[in-house]
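Peer 1: Turn this into a structure:
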Amino acid sequence: PWQFIQSQSYSITGIEVAATSAVYYLPSIQTDRPKLLVLYQNSALRLWDLKTEQSLASLQLIPANGSSSDLTPSDPQVFCLACPQLRSSYERATHDRDLLAVGGAGTIYVVVVKETAPADCSYTAKCITAFDTGDNDSVEAVDFAWTHPFFAFATVGGMIGIVDTVKLRMRQKWLYTDENSLAVGLTCLRWSCTMPIFFTATTTGAVVSWPGVCGLTEIDTTGFTKAPEPLAVFWGHRAMVLDLALAPSSSVISSGQSGSSTGDTLVEPFIASASDDSTIRLFSLNSLRMPATR
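Peer 2: Reported below is the predicted structural model:
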């Protein structure tokens, strides 16, 4: 039988604006002072101490007199938030643990949240750079890679981009289109835990896998980086895919399951997708292969 355990809930107040996303502050995980980064609909970012319920740092990503000043208070200006993975297989840069990526409308903001005075529990939050996504559509998903110092983003207008977090530059950016050269909207993005491969979910009901280090630099007629060939496209849903999930890397190694192999590394054996058609599907990744980089 199921056993339900009642636990303490938190209610942090102080800003009367809808929250759109939240992540744990990476350096505070597995400490006695966990902290939560919360992104609000008006583009405010705040660091909260869950023990004291106090705001430790705040940042307004889009000023009131900025380019989005014509928006009403109810219009969202930012949509998603991500931090580096807790356990990664690459050597982290000094600033990597303090990084955040925030998805806005046509823009990706890179933010550093840093402790300045440990004795006083003092923190600062600063936007160090911003990237143009190539369209004016909302960034629906952003996720950090496990195997490389990258993050990738996807927009509802079909733009996909990969950013190098060490050099703080855009590695690649392309528009995902269908067989009729029409842009396909994207709703979710997830990196493989073990390989430089990521997966995007589409508004047309597909799950698409992409190489994260294909090395292509050719520019197409639209001025964007030529899109790499998808590794695979999985069909089955009758409506847009809303979320994706991959098995944690530890389960791939310890369970003895056979996933797709490149060298001695296993890709997750399957990916799960949840759709607006009220179904969840599991797609096998056993045949997935990484292309040779150039």
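Peer 1: the helices in the chain, which residues?
Peer 2: 249-254 (DSSP state H).
Peer 1: Report the residue spans of it with pLDDT below the cut-off.
Peer 2: For the chain, applying pLDDT under 70 flags the ranges 1-14, 64-75, 91-95, 215-225, 249-265, 291-294.
Peer 1: hang on, isn't V139 packed against L81?
Peer 2: No - with contact defined as C-beta atoms under 8 Å, V139 does not count as touching L81 (10.3 Å). Using the backbone N, CA and C atoms, a C-beta is placed for each residue, glycine as well.
Peer 1: ok, these two, which is more surrounded?
Peer 2: Of the pair V139 and L81, V139 is the one with more neighbours under other C-beta atoms under 10 Å, namely 29 against 21.
Peer 1: so what's the more buried one bridging to?
Peer 2: Beta-bridge partners for V139, by DSSP bridges, are T155.
Peer 1: same deal with D164?
Peer 2: The partner residues for D164, given DSSP bridges, come to F150, R169.
Peer 1: Now do it: how many residues are near it, please.
Peer 2: 14.
Peer 1: Which residue ranges of the stretch 151-294 of the chain form strands?
Peer 2: Applying DSSP state E, counting those that start in this stretch to the stretch 151-294 of the chain gives strands spanning 159-164, 169-175, 186-191, 197-202, 207-211, 232-234, 241-246, 261-262, 265-266, 270-275, 280-284.
Peer 1: Give me the buried positions along the third one.
Peer 2: If I follow you right, that is strand 186-191. Judged by neighbour count (16 or more other C-beta atoms under 10 Å), strand 186-191 contains these buried residues: 186-191.
Peer 1: got the CA coordinates for stretch 26-46 in CSV?
Peer 2: Output in CSV follows, covering the C-alpha atoms of stretch 26-46 (Å, rounded to 0.1, in the frame of the first residue of the first chain):
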residue,chain,number,x,y,z
LEU,A,26,23.8,24.9,-7.1
PRO,A,27,26.5,25.8,-4.5
SER,A,28,23.9,25.4,-1.7
ILE,A,29,22.8,21.9,-2.6
GLN,A,30,23.6,19.3,0.1
THR,A,31,24.3,22.0,2.7
ASP,A,32,22.4,23.0,5.8
ARG,A,33,21.4,26.3,4.1
PRO,A,34,19.6,25.4,0.9
LYS,A,35,18.7,28.4,-1.4
LEU,A,36,16.2,28.7,-4.1
LEU,A,37,16.4,30.9,-7.2
VAL,A,38,13.0,32.1,-8.4
LEU,A,39,12.2,33.7,-11.7
TYR,A,40,9.2,36.0,-11.8
GLN,A,41,6.9,36.9,-14.7
ASN,A,42,8.1,40.6,-14.6
SER,A,43,11.7,39.5,-15.3
ALA,A,44,12.8,39.7,-11.6
LEU,A,45,15.2,37.1,-10.3
ARG,A,46,15.6,36.5,-6.6
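Peer 1: I appreciate the help and will end here.
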